[in-house]
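1. got a sequence here, can you build the structure:
(chains A and B)
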There are 2 protein chains.
Amino acid sequence: APVRLTILGSGWGAFRLLKDICPKTYSVTVVSPRNHVLFTPMLPSASVGTVSTRSITESLRPLCIEKGARLCEAHAEHLDLKKKTVQCRSLHGERYTVPYDRLVLAVGKKANDFGIPGVQRNAFFIKETADARRLREALLTRFEEAACIVARSSTCGLRPSDEQVAQVEQLLRVIVVGGGPISAGFSEHLVDFIGRDVRRTYPDLIPYMSVHLVEWASCTQIHRKDQALREYMLQRLSQRSGVQLHRGEHIEGVTQSELRLESGRSIPYGTLVWNAGMKPVPIVQSADLPKARNDSKVRTDECLR
Amino acid sequence: APVRLTILGSGWGAFRLLKDICPKTYSVTVVSPRNHVLFTPMLPSASVGTVSTRSITESLRPLCIEKGARLCEAHAEHLDLKKKTVQCRSLHGERYTVPYDRLVLAVGKKANDFGIPGVQRNAFFIKETADARRLREALLTRFEEAACIVARSSTCGLRPSDEQVAQVEQLLRVIVVGGGPISAGFSEHLVDFIGRDVRRTYPDLIPYMSVHLVEWASCTQIHRKDQALREYMLQRLSQRSGVQLHRGEHIEGVTQSELRLESGRSIPYGTLVWNAGMKPVPIVQSADLPKARNDSKVRTDECLR
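-> Next comes the predicted model:
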């Protein structure tokens, strides 16, 4: 009988493995909460509408059919290494168990909010297709809301009041929290988007728009090795692209419309994008596997075993 | 000074008018809850993913910029024909007033649920881009849910139990309520979609899928003139496409998972699409304008005045 192989995850690793596998030797079950592979580097483009999310995803099902593999759209909740089973919960809440002979962990990581209050509820992440769609819709909603305020005063032949100006500026202020290459890349992307697409469709809004990059102090530690490159990148962002930098900040909390810094300062915003690092998904944290020194990654040998 | 022209709506009529208007003669304000023109005949295709909603919509903003027109993404709530003002409510809840010298009513209609309990909450409509997206996501969710149930039993080497079969059949039963050409067209579209795309991606689900067309008795009245054509169409749907017809039914109510008929019968469903007629939008109903005999349409002369 073929070996029962269970793959947790549907990212690059899982996809490549499934592509190479011999369906005669292995009877494969894939468990993942998403049924597609996502080309993550294009997510920032998708979130401003430059590409469609459909063109950066590929359904796993055709490959599964080719390999005779079962795809369970479910969260893997618990590993029982002794009994060799995975406890799954489908997206509709049903729990069931998948047995295995061999297991492949290819679950990736999830966005880390470092337990800062309000982030989970108010910030946008850039990790899944749904994130990109939500962020794009949020941006467009802000544009329409701001355009509405500007149009309203001009219908009556007036200039917007100081209060309206402040309101519009807040709506059109995008804060990116992070400090690594992804945040910087996303900020630059946003500036391009404003300069090209927004300028064409909402020319009246351009004077009120701003992009802020808040460099989260802990990121500076993580990326210490590439300090010179980082400095160059941030200089370029600020000088060439007009991104407003806030460097080495500690963040206290996030409300629906304000980012509160430990320095006591607050920055009101319309849209907050959080890109400040990753953390392991719960099943890796809870699994009884040898962990690397900083206790989050599974320790592996050079063959990733 | 140019004449202040206010256009309510952003459909075919409004778009054509705006395209032809002389920006020197008219200072235009467009009020509509949606900021784009929608090619409605393609919505059924969009709701099964054959085309993207982006390719069947066109932003109104570029044309507005060209014509120096203001676009207010807002609901027109009340007409004051004496004061010549339109009361608007933005999508964010703010109320304001737009004055006009000339007014164009191009607001279209909205889906009619005839006050039947549960329809508004449980059924899908095919009227706006968001409807198509919601319907597509609902269908895909049902497919994944059903695939999960089928895959689960096959992981343990079993055939699905009778209970599971019933559950999967319900999930994959689509009911279209209507009886006019749009419902028939949509049903046929759905059958094509199942035969091509679903067969390729979810081959295991095909035996469980079914499409039901419930002909709403009142529709028969409306479309009486084209009776022969209707009969031909319905015969073809049932014989060639395998759509299950339920003719001349009165509908009592809709629950989350069941369509209840006045005959006492109930049909359990996974997805319910409602396409049983249109009704005027609230602003037309409330406006103090001469109405046509069936009291819903505004009465106009041959020049639509």
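
2. read off the pLDDT value for A:Thr97.
-> pLDDT for A:Thr97: 89.

3. what packs against the helix or strand containing it?
-> With secondary structure defined by DSSP states H and E, A:Thr97 is part of strand A:95-99. Packing partners of strand A:95-99 (3 or more Cβ pairs under 8 Å, 6 or more residues apart in numbering or on different chains; DSSP states H and E): strand A:3-8, strand A:70-80, strand A:85-90, helix B:129-155. The way it works is simple: take the backbone N, C-alpha and C, and place the C-beta from them, glycine included.

4. mind putting these in a markdown table, distance to B:Val211, mean pLDDT and mean neighbour count included?
-> Shown next, in a markdown table, are the helices and strands packed on strand A:95-99 (distance: least, Cβ to Cβ, whole Å; pLDDT from 0 to 100; neighbours: other Cβ atoms under 10 Å in any protein chain shown):
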| stretch | distance to B:Val211 | mean pLDDT | mean neighbour count |
| --- | --- | --- | --- |
| strand A:3-8 | 34 | 92 | 21 |
| strand A:70-80 | 23 | 90 | 21 |
| strand A:85-90 | 25 | 91 | 19 |
| helix B:129-155 | 11 | 87 | 19 |
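
5. A:Pro207 is nearest to which of these?
-> With Cβ to Cβ as the criterion, A:Pro207 lies closest to helix B:129-155 of the helices and strands packed on strand A:95-99, at 30.1 Å.

6. please name every helix or strand in contact with that closest one.
-> On a contact count with 3+ Cβ pairs under 8 Å, 6+ apart, helix B:129-155 meets strand A:70-80, strand A:95-99, helix B:43-47, helix B:162-171, strand B:271-274.

7. could you check the angle that helix makes with helix A:129-155?
-> Calculated by axes from the mean of the first three to the mean of the last three Cα atoms, to 10 degrees, helix B:129-155 forms an angle of 170 degrees with helix A:129-155.

8. list the contacts of stretch A:86-97.
-> Contacts of stretch A:86-97 with the rest of the structure, by Cβ atoms under 8 Å, 6 or more residues apart in numbering or on different chains, involve A:6, A:8, A:31, A:33, A:72-80, A:85, A:98, A:100, A:103, B:141, B:144-145, B:148, B:152.

9. could you pull out the helices in the stretch 101-250 of chain A for me?
-> For the stretch 101-250 of chain A, applying DSSP state H, counting those that start in this stretch gives helices covering A:119-122, A:129-155, A:162-171, A:181-193, A:199-201, A:217-222, A:227-240.

10. now do whichever residue of the stretch 151-300 of chain A sits closest to chain B against B:Gly11, distance only.
-> Closest residue of the stretch 151-300 of chain A to chain B, Cβ to the nearest Cβ: A:Ala151 (4.2 Å). A:Ala151 sits 20 Å away from B:Gly11, going by Cβ to Cβ, to the nearest Å.

11. shouldn't A:Pro62 be in contact with B:Asp197?
-> No - here A:Pro62 lies out of contact with B:Asp197, judged by Cβ atoms under 8 Å, at a distance of 11.2 Å.

12. ok, the closest residue to A:Trp12 other than its chain neighbours - contacts?
-> Once flanking residues are discounted, A:Trp12 sits nearest to A:Val37: 7.2 Å by Cβ to Cβ, 6 or more residues apart in numbering or on different chains. Residues counted as contacts of A:Val37 (Cβ under 8 Å, 6+ apart) are A:10-12, A:14-15, A:57-58, A:60.

13. now tabulate those in JSON lines and tack on pLDDT and neighbour count.
-> Formatted as JSON lines, the contacts of A:Val37 follow (pLDDT from 0 to 100; neighbours: other Cβ atoms under 10 Å in any protein chain shown):
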{"residue": "A:Ser10", "pLDDT": "92", "neighbour count": "26"}
{"residue": "A:Gly11", "pLDDT": "90", "neighbour count": "16"}
{"residue": "A:Trp12", "pLDDT": "89", "neighbour count": "14"}
{"residue": "A:Ala14", "pLDDT": "92", "neighbour count": "22"}
{"residue": "A:Phe15", "pLDDT": "92", "neighbour count": "20"}
{"residue": "A:Thr57", "pLDDT": "91", "neighbour count": "18"}
{"residue": "A:Glu58", "pLDDT": "90", "neighbour count": "15"}
{"residue": "A:Leu60", "pLDDT": "91", "neighbour count": "22"}
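
14. what is the nearest of those residues to chain B?
-> Nearest to chain B among the contacts of A:Val37: A:Leu60, at 9.9 Å, using Cβ to the nearest Cβ.

15. how about the residues of chain A near chain B?
-> Within chain A, the positions near chain B by Cβ under 8 Å from any Cβ of the partner chain are A:29, A:35, A:52, A:54, A:59, A:61-62, A:65, A:70-74, A:90-92, A:94, A:96, A:98-99, A:141, A:144-145, A:147-148, A:151-152, A:154-156, A:200-203.

16. tell me the bridge partners for A:Gly253.
-> Note on A:Gly253: beta-bridge partners by DSSP bridges are A:Arg260.

17. wait, it sits on A:Gly115?
-> No - between A:Gly253 and A:Gly115 there is no contact, the gap being 10.6 Å when judged by Cβ under 8 Å.

18. out of the helices of the stretch 101-250 of chain A, which comes closest to B:Gln235?
-> Here helix A:129-155 is closest among these (Cβ to Cβ), at 41.5 Å.

19. quick check: domain ranges of chain A?
-> Following automatic domain parsing, one gets these domains for chain A: A:3-108+A:281-286, A:119-278.

20. now the terminal residues of the last one, how far apart.
-> End-to-end distance of domain A:119-278 (Cα to Cα, to the nearest Å): 14 Å.

21. repeat for the first one
-> From the first residue to the last, domain A:3-108+A:281-286 extends over 26 Å; the measure is Cα to Cα.

22. what is the burial count for A:Ala1?
-> A:Ala1: 5 surrounding residues under other Cβ atoms under 10 Å in any protein chain shown.

23. got it, and A:Gly185?
-> Number of residues near A:Gly185 (other Cβ under 10 Å) recorded here: 17.

24. quick one, grab the pLDDT at it.
-> Looking at A:Gly185, the pLDDT reads 86.

25. give the contact list for it.
-> A:Gly185 makes contacts with A:Pro44, as judged by Cβ under 8 Å, 6+ apart.

26. what's the distance between A:Asp113 and A:Ile251?
-> In terms of Cβ to Cβ, A:Asp113 sits 10 Å off from A:Ile251.

27. A:Glu258 too?
-> With Cβ to Cβ as the criterion, A:Glu258 and A:Ile251 are 11 Å apart.

28. among A:Gly253 and A:Gly115, which residue is more densely surrounded?
-> A count of neighbours by other Cβ under 10 Å puts A:Gly253 above the other of A:Gly253 and A:Gly115, at 15 against 7.

29. residue contacts, that one?
-> A:116-118, A:260.

30. now with 6 Å, please.
-> By Cβ atoms under 6 Å, 6 or more residues apart in numbering or on different chains, the residues touching A:Gly253 are A:117-118, A:260.

31. same question for A:Ser27.
-> A:2, A:4.

32. mind running it again at 7 Å?
-> By Cβ atoms under 7 Å, 6 or more residues apart in numbering or on different chains, the residues touching A:Ser27 are A:2, A:4-5.

33. bridging residues for it?
-> Bridge pairing for A:Ser27 - DSSP bridges - gives A:Arg4.

34. look up the pLDDT of it for me, please.
-> Confidence at A:Ser27, expressed as pLDDT, is 91.

35. over to A:Ile21?
-> 91.

36. repeat for A:Tyr202
-> Residue-level pLDDT assigned to A:Tyr202 equals 91.

37. same check, this time on the one 5 residues further on
-> At A:Pro207 the predicted local confidence, pLDDT, stands at 93.

38. run a quick neighbour tally on it.
-> The number of residues near A:Pro207, taken as other Cβ under 10 Å, comes to 12.

39. please identify which of A:Glu258 and A:Ile251 sits among more neighbours.
-> A:Ile251 (22 against 17).
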